[in-house]
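Asks: predicted model and sequence below, questions to follow.
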Amino acid sequence: MPEKDLRVGVIGVGMMGADHAERVVNRVAGARLVAVSDPDTARAADLAAAFDGVRSVGDPLDLIADPEVDAVVVASPGFVHEEQVLACLEHGKYALCEKPLTMDSESSLRLVEAEAKGGRPLVQVGFMRRFDPEYAQMKSMLDSGQLGRTLLLHNTHRNKTVPDSFRSEMIVRDSLVHEVDVARFIFGEEITEITVLAGTPTGAAAEGVLDPQVSLFRMAGGGLVTSEVFVNCQVGYEVRCEAVAERGTVTAGRNSTGIYSTVSDENGGYWGGQVPPDFRVRFARAYDLEVQAWVDASRRGEVVGPTSWDGYAATAVCTAGMEALATGRPVRVDLADRAAVLGGVG
Ligand code: ISE
């Protein structure tokens with residue numbers, strides 16, 4: 001491992017970017033936060049001022065070009081990812097890009113092609129469930145073959161609330177995209193077809209927003225995946241995945257606080273634990289492991305975890321998923337030829 005710390009810049013310091021910035025400063029070894037950038041310059045300046053030696057840079061492209069920045073966390077909104085990740089590729093900077101990689105499959109494919117043209121992998125996509133110890137353990141149990149072939153996955157993905165600006169198609173592109181990656185990760189195959197259905201929306205959803213949604217993916221090898229995404233469930237952040245195999249099942253993310261207790265109070269007796277309020281809490285360990293793996297790999301000159309191809313494939317599924325939601329019909333996923341696009345890269 002090189003002796004020098006990786007000098008990290010963070011673009012976009014909203015909820016996730018600010019969380020990653022704090023993570024790089026306090027919980028990740030071998031990295032130093034040196035710069036942040038956000039269109040809300042006051043927010044970026046406040047965050048920079050909270051830590052020693054961190055600059056706030058107005059233009060994110062200047063942050064990427066900065067010779068004192070080795071690697072960039074792209075935590076800006078998806079519609080600017082293409083330009084920013086392209087700039088990282090042009091400057092030879094490692095990028096950890098939050099999901100979705102981009103807004104549609106064409107632009108994601110352009111990034112995969114640009115990276116392949118450069119001849120060396122530089123992009124990791126922020127699908128953190130792969131780093132969650134339970135999801136990782138589930139994957140290795142299924143891969144060991146002890147349960148036979150995996151037949152089905154059932155995903156649950158609930159958020160407490162989202163802003164009114166979070167529309168129906170964003171439930172596919174920004175939320176379901178995680179389960180798309182989980183399905184590809186667990187099965188190790190592409191998704192060939194997607195159906196997305198919405199029933200009666202919850203009264204808690206904004207006018208016109210179809211929430212909750214239920215989707216069905218067909219895997220290339222014949223497996224099936226169901227996912228409920230419910231982003232205004234009112235309770236908290238609940239994410240789990242049950243795999244059904246030929247000789248048993250495995251579940252990651254069952255609600256548990258480790259200790260089990262019964263409690264008696266003025267409302268009577270109850271039992272149980274707590275539902276975490278949001279993804280920063282539920283996946284704190286996964287994010288730590290994800291960013292640490294990114295820093296270690298970047299220092300070694302490598303990329304680990306979900307690649308730009310994984311980001312592209314997930315975006316392609318969600319592009320088909322948005323059509324499926326609009327039509328109520330199954331839609332085939334249109335994917336480029338992997339070997340032809342990647343050549344030897346990725
Ligand atoms: C958000 O962007 C995330 O990535 C969260 O993990 C997801 O639960 C949420 O629905 C998205 O909006």
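Replies: The structure has been received and is ready for your questions. Residues are numbered from 1 along each chain as shown.
Asks: what parts of the stretch 151-300 of the chain come near the ligand?
Replies: Asn159, Asp174, Ser175, His178, Val231, Phe279 (CB under 6 Å from any ligand atom). (Each C-beta comes from the backbone N, C-alpha and C, glycine too.)
Asks: which ones among these are found in helices?
Replies: His178, Phe279 (DSSP state H).
Asks: now tabulate the residues of the stretch 151-300 of the chain next to the ligand in JSON lines and tack on distance to Arg130.
Replies: Formatted as JSON lines, those follow (distance: CB to CB, whole Å):
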{"residue": "Asn159", "distance to Arg130": "20"}
{"residue": "Asp174", "distance to Arg130": "18"}
{"residue": "Ser175", "distance to Arg130": "17"}
{"residue": "His178", "distance to Arg130": "10"}
{"residue": "Val231", "distance to Arg130": "22"}
{"residue": "Phe279", "distance to Arg130": "14"}
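Asks: of the residues of the stretch 151-300 of the chain next to the ligand, grab the buried ones for ChimeraX.
Replies: Buried residues among those (16 or more other CB atoms under 10 Å), as a ChimeraX selection:
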select :159,174,175,178,231,279
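Asks: which one among the residues of the stretch 151-300 of the chain next to the ligand gets closest to Gly305?
Replies: Using CB to CB, His178 comes nearest to Gly305 of these, at 13.9 Å.
Asks: so what's the residue of the stretch 151-300 of the chain found nearest the ligand closest to, chain neighbours aside?
Replies: Of all residues in the stretch 151-300 of the chain, Ser175 sits closest to the ligand, at 3.4 Å by CB to the nearest ligand atom. With CB to CB, 6 or more residues apart in numbering as the criterion, Ser175 has its nearest non-adjacent residue at 5.0 Å, and that residue is Val229.
Asks: how much space separates the one you found from His154?
Replies: Relative to His154, Val229 is positioned 13 Å away (CB to CB, to the nearest Å).
Asks: looking at the two, which has the bigger crowd around it?
Replies: Neighbours per residue (other CB atoms under 10 Å) separate Val229 from His154, with Val229 holding more: 26 against 17.
Asks: ok, residues contacting the helix or strand where that one lies?
Replies: Per DSSP states H and E: Val229 is located in strand 224-230. Contacts to strand 224-230, defined as CB atoms under 8 Å, 6 or more residues apart in numbering, come from residues 151-159, 171-172, 175-176, 179, 183, 187, 191, 202, 211-219.
Asks: many thanks, I have nothing further to ask.
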